[in-house]
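1. below are the sequence and a predicted model; questions follow.
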Amino acid sequence: MEDSFAVEVCDVTKVFPGPAGRPGSEVTAVDHVTLQIRDGEFFSMLGPSGCGKTTTLRMIAGFEHPTEGEIYIHGRPMGLTPPYQRNTNMVFQNYALFPHMTIARNIAFGLEMKKVPRGEIERRVQEALEMVRLAGYGPRRPNQLSGGQQQRIALARALVNRPEVLLLDEPLGALDLKLRKEMQLELKTLQKEVGITFVYVTHDQEEALTMSDRIAVMHQGKVLQVGTPTEIYERPNCRFVADFIGETNFLDGIVREQDGDRVTVVVDEALPLMVQTDRPLERGRQVTVAVRPEKIRLLPQPARGEHNSFPCRVEQMVYVGTDTRFRVRLSDRVVLSVREQNVVSAPSATAYYSEGSGPVYAAWLIEAGRLLLD
Amino acid sequence: MTAATATPKKRTLLDAIRRWPGLQTLVLISPSLFWLTLFFALPLLIVFVCSFLKRGPYGQILWELDFTRLFDPLYLKVFVRQFSLNNYARFFDPLYLKIFVRSFKIAGITTLLCFLLGYPMAYWIATRPARWRNTLLLLIMIPFWTNFLVRTYAWILILRDTGLINNLLLSLGLIHHPLPLFGNDLAIVIGLVYGWFPDMVLPCYAAIERLDFSLVEAAQDLYANEVRSFWRVIFPLTLPGVIAGSMLVFIPSLGAYVTPDLLGGAKSVMIGNVIQSQFLTVRDYPFGSAFSFVLMALMLLATLIYFRTARRTL
């Protein structure tokens, strides 16, 4: 076993009986998932609903037990250990604050159950309230607090126990956009402060990119890619990851030739473009080149050097404040979406691209493209 | 006059309601108000007045009221003197107090047993898949479509010395003398628990069904095992249902008279039987009325306590 993993999910499968309970209607929610979550890292599981991320989290918490495989927390196999015997705490999607208790009693609950001396409970509850900047809210009831405040209390209630791992199940899902952005940064800062391993489940790719040290992208019960936000965004390993995270242009083509780490792919039988890869590829193989819209530039003349550069026609132009979005056509079947930052004030910058105002070339650095094999 | 040129509008009730929204409330509640006044408040008032009067030698109520002489001081003295608290004082006769205490005991045990049997049942039903729940609730209620009297008679056949249970145990040789299941407090409790069981299950079910089970998960996540998460989270949050159910069981059990009459035998008399016999056998209407009012006052007290607790827990 390597240095210290806070959580290890080893080849875990979870099968739920189907709604009718009949044999054959079972649902495989998690399909041979293996994850290694390092001590003290902010780890996100990202994927669309039904991808198995929440089930995986619930298995780490002990609410569900793996059908196959094993989960280790700091090297200890969890087996069928119930949640109350695990040193993990969860922040629930709907916060799950006890409505019949005051805020202070809510936060004290875990400590009371662990039979911590009363004086220490009081002190730690106060500390926890200060940590989430809600000191003085102790005597109130959960329903007297706003959504964002309830969220922070839920966080305090979990962190006050100093768990080995904090599990967060889409905790910001119910908040409005502005508050969500604030809480993202706050959570990230808090995680750095307390140094506890966070396992965070979300379907919001931006949230995952903003906060995580590493992200696992999940789809249909499987883990597709695990990596840092940069790796996931810049070097997606499959079409689903490239598509789910951010916006991407997919160019399907055929390998013509390979020269070291450079491959020439012919798209739509007429557009030869260069892309980098570290794998040997046979001629004639069907591949996809993914290019992010913001990596493509529109120029009045062909780009020289390390660029792919094709003449194109601007079909659509949408001004969205920070940048302008274009739809440009390279050939009958190839349309790219392009984003350009409005470095110069928009009207003068975009005037050039208006219909019939001269030739336009779409260009991107060879290393900006990403070769996908599926 | 300009008003003459406008088309004269017919004033209808609907127009009036639009003008005074409060009138709508009055119109809507007036039938029930009328019903309650005529058949509830008025009889209650009669019983109340009666509870302060005296019984005549033939069981009639001695009642003096002549409006024409109401201002005659001499008559007024007679009028006022006919009222007394004697009937209420009689209530403290050890004989009646004993019946009172026993009734409370029986009703209390009944309520407790209903809770112990009904709550787990309600919990089990509420945690079944949604499509099963209504069927299961229906199964609870089906027996209660049969007349209460018939079902109570059925219990006689089951519990008496030559009844189903005793015959079975005797024929199996497990006992040599019939168990005393009938004609005592035990029989009454069995009959009452059976009779009011759904009244406990339904409010408990409603409370448990509304419970957010992620709170239970939260409790277990915070190191509370199954027992502690029940007492710290599930039970307090479903307490209003338990209290409502307890009221629905306790109040009719306390005032029960059919069940003790049929199952209890001569020695096991409850408040309901005393009241019934005062009205129908002894024909002491004033004392029966006073007894009814004491019972009502106690139930009212219990209800007030319920609302107090409910407000505190919610």
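-> Right, received. Where do you want to start? Numbering: from 1, shown residues only, chains lettered A, B, ... in the order given.
2. run through the residues of the stretch 101-250 of chain A sitting next to chain B.
-> A:Phe109, A:Gly110, A:Met113, A:Lys114, A:Arg157, A:Ala158, A:Asn161 (C-beta under 8 Å from any C-beta of the partner chain). All C-beta atoms are positioned from the backbone trio N, CA, C, and that covers glycine.
3. so where do the helices sit in chain A?
-> A:53-61, A:103-113, A:118-131, A:147-159, A:177-194, A:205-211, A:229-234, A:239-244, A:346-351 (DSSP state H).
4. contacts for the fourth one, please.
-> The reference is to helix A:147-159. A:89-92, A:95-97, A:103, A:106-107, A:109-110, A:128-129, A:131-134, A:137, A:142, A:145, A:166, A:171-172, A:174-175, A:179, A:182-183, A:187, A:190, A:194, A:196, B:221-222 (C-beta atoms under 8 Å, 6 or more residues apart in numbering or on different chains).
5. of the residues you listed, grab the buried ones for PyMOL.
-> The buried subset of these, as determined by 16 or more other C-beta atoms under 10 Å in any protein chain shown, is captured in PyMOL by this line:
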select buried, (chain A and resi 89+90+91+92+95+96+97+103+106+107+109+110+128+129+131+132+134+137+142+145+166+171+172+175+179+183+187+190+196) or (chain B and resi 221+222)
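6. burial count for whatever residue of the stretch 1-150 of chain B ends up closest to chain A?
-> Using C-beta to the nearest C-beta, the closest approach of the stretch 1-150 of chain B to chain A is made by B:Pro129 at 8.2 Å. Neighbours of B:Pro129 under the rule other C-beta atoms under 10 Å in any protein chain shown: 9.
7. what's the closest of the residues of the stretch 101-250 of chain A next to chain B to B:Ser32?
-> B:Ser32 has its nearest neighbour among those in A:Phe109, at 46.2 Å by C-beta to C-beta.
8. who touches that closest one in this structure?
-> A:Phe98, A:Met101, A:Arg157, B:Ala219, B:Leu222, B:Ala224, B:Arg232.
9. tell me which two of those residues sit farthest apart.
-> Taking C-beta to C-beta, no two of the contacts of A:Phe109 sit farther apart than A:Arg157 and B:Arg232, at 13.8 Å.
10. okay, these two: which has more neighbours?
-> Neighbour count, other C-beta under 10 Å: between A:Arg157 and B:Arg232, A:Arg157 has more, with 31 against 21.
11. relative to B:His176, how far out is the one residue in the stretch 251-374 of chain A that gets nearest to chain B?
-> Closest to chain B within the stretch 251-374 of chain A is A:Asp374: 37.6 Å, counting by C-beta to the nearest C-beta. Going from A:Asp374 to B:His176 by C-beta to C-beta, to the nearest Å gives 83 Å.
12. so between those two, which is more surrounded?
-> Set A:Asp374 next to B:His176 and count neighbours by other C-beta under 10 Å: A:Asp374 wins out with 10 against 7.
13. averaged pLDDT, stretch A:17-29. What do you get?
-> Mean pLDDT, computed over stretch A:17-29, is 78.
14. list the buried residues for it?
-> For stretch A:17-29, by 16+ other C-beta under 10 Å, it's A:Thr28, A:Ala29.
15. start and end of it, how far apart?
-> With C-alpha to C-alpha, to the nearest Å as the measure, the ends of stretch A:17-29 fall 10 Å from one another.
16. list the contacts of that stretch.
-> For stretch A:17-29, using C-beta under 8 Å, 6+ apart, the contacting residues are A:Thr13, A:Lys14, A:Val15, A:Phe16, A:Gly52, A:Thr55, A:Gly221.
17. any chance of JSON lines for these, columns distance to B:Leu301?
-> Putting the contacts of stretch A:17-29 into JSON lines (distance: C-beta to C-beta, whole Å) gives the following:
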{"residue": "A:Thr13", "distance to B:Leu301": "60"}
{"residue": "A:Lys14", "distance to B:Leu301": "54"}
{"residue": "A:Val15", "distance to B:Leu301": "56"}
{"residue": "A:Phe16", "distance to B:Leu301": "51"}
{"residue": "A:Gly52", "distance to B:Leu301": "57"}
{"residue": "A:Thr55", "distance to B:Leu301": "52"}
{"residue": "A:Gly221", "distance to B:Leu301": "60"}
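18. select only the buried ones of those in PyMOL?
-> Per 16+ other C-beta under 10 Å, the buried members of the contacts of stretch A:17-29 correspond to this PyMOL selection:
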select buried, chain A and resi 13+14+52+55+221
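19. restricted to strands, list the contacts of stretch A:17-29.
-> Among the contacts of stretch A:17-29, DSSP state E puts A:Thr13, A:Lys14, A:Val15, A:Phe16 in strands.
20. ok so, going back, tabulate the contacts of A:Phe109 (JSON lines), appending distance to A:Ala6 and pLDDT.
-> Listed next are the contacts of A:Phe109 as JSON lines, based on distance: C-beta to C-beta, whole Å; pLDDT from 0 to 100:
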{"residue": "A:Phe98", "distance to A:Ala6": "28", "pLDDT": "96"}
{"residue": "A:Met101", "distance to A:Ala6": "30", "pLDDT": "95"}
{"residue": "A:Arg157", "distance to A:Ala6": "20", "pLDDT": "96"}
{"residue": "B:Ala219", "distance to A:Ala6": "24", "pLDDT": "96"}
{"residue": "B:Leu222", "distance to A:Ala6": "19", "pLDDT": "95"}
{"residue": "B:Ala224", "distance to A:Ala6": "24", "pLDDT": "95"}
{"residue": "B:Arg232", "distance to A:Ala6": "29", "pLDDT": "95"}
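21. can you dump the C-alpha atoms of stretch A:264-276 in PDB for me?
-> Only the C-alpha atoms of stretch A:264-276 are listed here, as PDB (Å, rounded to 0.1, in the frame of the first residue of the first chain):
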ATOM      1  CA  THR A 264      -1.900  14.300 -39.100                       C
ATOM      2  CA  VAL A 265      -5.600  13.700 -39.000                       C
ATOM      3  CA  VAL A 266      -7.800  14.300 -42.000                       C
ATOM      4  CA  VAL A 267     -11.200  15.700 -41.100                       C
ATOM      5  CA  ASP A 268     -14.000  15.600 -43.500                       C
ATOM      6  CA  GLU A 269     -11.700  14.200 -46.200                       C
ATOM      7  CA  ALA A 270     -10.200  17.600 -46.900                       C
ATOM      8  CA  LEU A 271      -8.900  19.300 -43.800                       C
ATOM      9  CA  PRO A 272      -5.600  17.900 -42.600                       C
ATOM     10  CA  LEU A 273      -4.800  19.000 -39.100                       C
ATOM     11  CA  MET A 274      -2.000  18.300 -36.700                       C
ATOM     12  CA  VAL A 275      -2.400  17.000 -33.200                       C
ATOM     13  CA  GLN A 276       0.000  15.700 -30.500                       C
END
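22. in it, what counts as buried?
-> Neighbour count says stretch A:264-276 has A:Val265, A:Val267, A:Leu271, A:Leu273, A:Met274, A:Val275 buried, by 16+ other C-beta under 10 Å.
23. beta partners of the third one?
-> For A:Leu271, the beta-bridge partners are A:Val267 (DSSP bridges).
24. wait, doesn't it sit right on A:Pro311?
-> No. Using C-beta atoms under 8 Å, A:Leu271 is not in contact with A:Pro311; the gap is 10.2 Å.
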